[in-house]
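Visitor: Give me a 3D structure for the following:
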Amino acid sequence: MKAIVGLGNPGPQYDATRHNVGWWVADRLAYDWGFDSFRRDGPALVTEGTVDGTVVRLLKPTTYMNRSGLALRPLIPMEDFDASEDLLIVVDDASLDVGRVRFRPEGGPGGHNGLKSVAGALQSNEYARLRIGVGKKPDGADLSDWVLAPMPVEDEDVVVELLPDLTKAVEAWVAEGVEPAMNRFNR
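Guide: Below is the predicted model of the structure:
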């Protein structure tokens, strides 16, 4: 089984913010793959199906960003689940220009509280992540205010136009792993 976790914050006030880009991707994946609607399962909204013969579970943590790792607790003890190979975290990145895409096989949280929480839950930084550029924080702006602000329409349009390609990128990760996905889709 593969698990894909789109990070974001619960509540309609966060739907259009930079910090919820991970949820946007999870929603698009569920739509493109014809999965059932997300249902509440502990601290996450979850749906599951198969992608090219592989069972894939999509999760959207319903905790706030800094507690996202709680949604991983049910996965950690599963015998057939190895976070270093079977987990992809989809996350916004305020250090990348809008529309940039970066798969990484592992690494530190880079100041992202959601990634810090995931690493804490796993007790490891060895898990794949897909970082979606949401624009660099302007000089003097507070990072928290920046990522929790709604995206300007032109930036949102750039990210929304990426979603079909991100489905293909995540399908490559499911079928081939992070290295081939990096080589084909990082931009």
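Visitor: Going along the chain, name the strands of this protein.
Guide: Assigned by DSSP state E, the chain shows strands spanning 2-6, 39-41, 44-51, 54-61, 87-93, 101-104, 128-133.
Visitor: Any idea which of those gets closest to Glu179?
Guide: Nearest to Glu179 among the strands of the chain is strand 101-104; the distance by CB to CB comes to 8.5 Å. (Each C-beta comes from the backbone N, C-alpha and C, glycine too.)
Visitor: Which neighbouring elements make contact with that closest one?
Guide: strand 128-133, helix 153-176, helix 178-185 (3 or more CB pairs under 8 Å, 6 or more residues apart in numbering; DSSP states H and E).
Visitor: what does that strand contact?
Guide: Where contact means CB atoms under 8 Å, 6 or more residues apart in numbering, the residues beyond strand 101-104 that reach it are 93, 96, 128-133, 162, 165-166, 169, 173, 178, 181-182, 185-187.
Visitor: same thing but 7 Å
Guide: Contact with strand 101-104 is made by 93, 96, 128-132, 162, 169, 173, 178, 181-182, 185-187, as judged by CB atoms under 7 Å, 6 or more residues apart in numbering.
Visitor: and those residues, which are buried?
Guide: 93, 96, 128-132, 162, 169, 173, 178, 181-182, 185 (16 or more other CB atoms under 10 Å).
Visitor: which one of the residues you listed sits closest to Ser117?
Guide: Among the buried ones among the contacts of strand 101-104, and counting by CB to CB, the member closest to Ser117 is Arg129, at 12.8 Å.
Visitor: and the gap between the closest one and Leu115?
Guide: 7 Å (CB to CB, to the nearest Å).
Visitor: now do Val56
Guide: If you go by CB to CB, the gap between Val56 and Leu115 works out to 21 Å.
Visitor: got it, and Gly8?
Guide: 13 Å.
Visitor: Settle it for me: which of those two has more neighbours?
Guide: Between Gly8 and Leu115, counted using other CB atoms under 10 Å, Gly8 has the larger neighbour count: 28 against 24.
Visitor: and the more buried one, what does it touch?
Guide: By CB under 7 Å, 6+ apart, the neighbours of Gly8 are 14, 19-20, 22-23, 60.
Visitor: try 6 Å
Guide: Contact analysis of Gly8 by CB atoms under 6 Å, 6 or more residues apart in numbering lists 20, 22-23.
Visitor: Ok, Asp97 next?
Guide: Here Asp97 is in contact with Gly133 (criterion: CB under 6 Å, 6+ apart).
Visitor: lowest-confidence helix or strand of the protein?
Guide: helix 143-147 (a mean of 92; mean pLDDT, DSSP states H and E).
Visitor: what's that one packed up against?
Guide: In terms of contacts (3 or more CB pairs under 6 Å, 6 or more residues apart in numbering; DSSP states H and E), helix 143-147 is not packed against any helix or strand.
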